[in-house]
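A.B. asks: here is my input; please provide its structure:
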Amino acid sequence: MSVTIYHNPKCSTSRNTLALVRHLGEEPTVIEYLHEVPDPATLKDLVARAGLQVRDVLRRKEAVYSELGLDDPSLSDDELLAAVQLHPILLERPVLVTERGVRWCRPIETALEILPPMSEPFCKENGDRLVADVKGN
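C.D. replies: This next block holds a predicted model:
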């Protein structure tokens, strides 16, 4: 299975998602999006494939979100994506891409929807266990 993760190594959820992918026997393509910012067309495509809206993938708690007034509902998707280009920290993470779909993995359990079935529990950095659910993951 081909797996790509848009990753921020400073984010525990992103690190845990990367570790989960590897726990499941996959070696993903890792894109550190703070340094390799996806272009607006790529982001639009990922958002659409995930069934989300651009506003859904913004980190509202980032100071720059308020500073730029990104909560203004009149801002277009293109304007929001332009802000992400200048301030990639605004992009929620991690983003996981497989042939089964695209997911913003908050919470990490969302990743299980598009990854191979999990046969053994996975332990996050904090020791919490992630176990298979009734959907086969």
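A.B. asks: what pLDDT does Val134 get?
C.D. replies: Confidence per residue is given as pLDDT, and for Val134 that number is 38.
A.B. asks: where does pLDDT dip in the protein?
C.D. replies: Regions of the chain meeting the criterion pLDDT under 70 cover residues 132-137.
A.B. asks: so which bits of stretch 81-88 are buried?
C.D. replies: Under the neighbour-count criterion of 16 or more other CB atoms under 10 Å, stretch 81-88 has Leu81, Ala83, Val84, His87, Pro88 buried. Just so you know, the C-beta spots here come from the backbone N, C-alpha and C atoms, and that holds for glycine as well.
A.B. asks: return the subset of these lying in helices.
C.D. replies: Cross-referencing the buried residues of stretch 81-88 with the helices (criterion: DSSP state H) gives Leu81, Ala83, Val84 as the overlap.
A.B. asks: can you pull out the strands in this structure?
C.D. replies: 3-7, 29-32, 95-98, 101-104, 122-123, 129-130 (DSSP state E).
A.B. asks: quick one: work out the angle between the longest helix seen in the chain and strand 3-7.
C.D. replies: Of all the elements of type helix in the chain, the one with the most residues (DSSP H) is helix 12-23. Following axes from the mean of the first three to the mean of the last three CA atoms, to 10 degrees, one obtains 160 degrees for the angle between helix 12-23 and strand 3-7.
A.B. asks: who are the packing partners of helix 12-23?
C.D. replies: Other elements packing on helix 12-23 under the criterion 3 or more CB pairs under 8 Å, 6 or more residues apart in numbering; DSSP states H and E are strand 3-7, strand 122-123.
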